[in-house]
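1. sequence and predicted model, in that order:
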Amino acid sequence: MKDLKVRGESFILHESKVLIWPSQQLMIVADLHLGKAQTFLQNGLWLPPQAHKQDLSQLLPIIKSHQIEHVMFLGDFVHTTQGVTD
């Protein structure tokens, strides 16, 4: 982790590629790309079909340890509509 100050506000750059804003109890996640494995599989490339669960499960300990109340997703939340499944 790396601590960062911007205009008097403290932020944490976490090694799991999220930004934490402690005073706002906010975690910012960019380019999550849910559905990427399904899209790759449909195009003949293999990724574990449940890869997104591993990505999401890595966020939970961060949420708990930093007492996160809000999560903001930036960029691509879903990889493509082709990868969206039931």
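-> Arrived safely, thanks for sending. Residues are numbered from 1 along each chain as shown.
2. any idea how far residue 73 is from residue 7?
-> Distance, residue 7 to residue 73, using Cβ to Cβ, to the nearest Å: 24 Å. Where C-beta positions appear, they are placed from N, C-alpha and C, glycine not excepted.
3. neighbour-wise, which of the two wins?
-> residue 73 (13 against 4; other Cβ atoms under 10 Å).
4. the closest residue in space to the more buried one that isn't next to it in sequence: neighbour count?
-> Nearest residue to residue 73, sequence neighbours excluded (Cβ to Cβ, 6 or more residues apart in numbering): residue 29, at 5.3 Å. Residue 29 is flanked by 20 other residues according to other Cβ under 10 Å.
5. residue 29 against residue 71, yeah?
-> Yes. Using Cβ atoms under 8 Å as the test, residue 29 is close enough to residue 71 to be in contact (6.4 Å).
6. for the closest residue to residue 16 other than its chain neighbours, which three-state class applies?
-> Spatial nearest neighbour of residue 16, chain neighbours left out: residue 58 (5.5 Å); criterion: Cβ to Cβ, 6+ apart. Under DSSP: H, G, I helix; E, B strand; the rest coil, residue 58 falls in the helix class.
7. I figured residue 58 hits residue 14, correct?
-> No. Residue 58 lies out of contact with residue 14 (Cβ under 8 Å); the separation is 10.0 Å.
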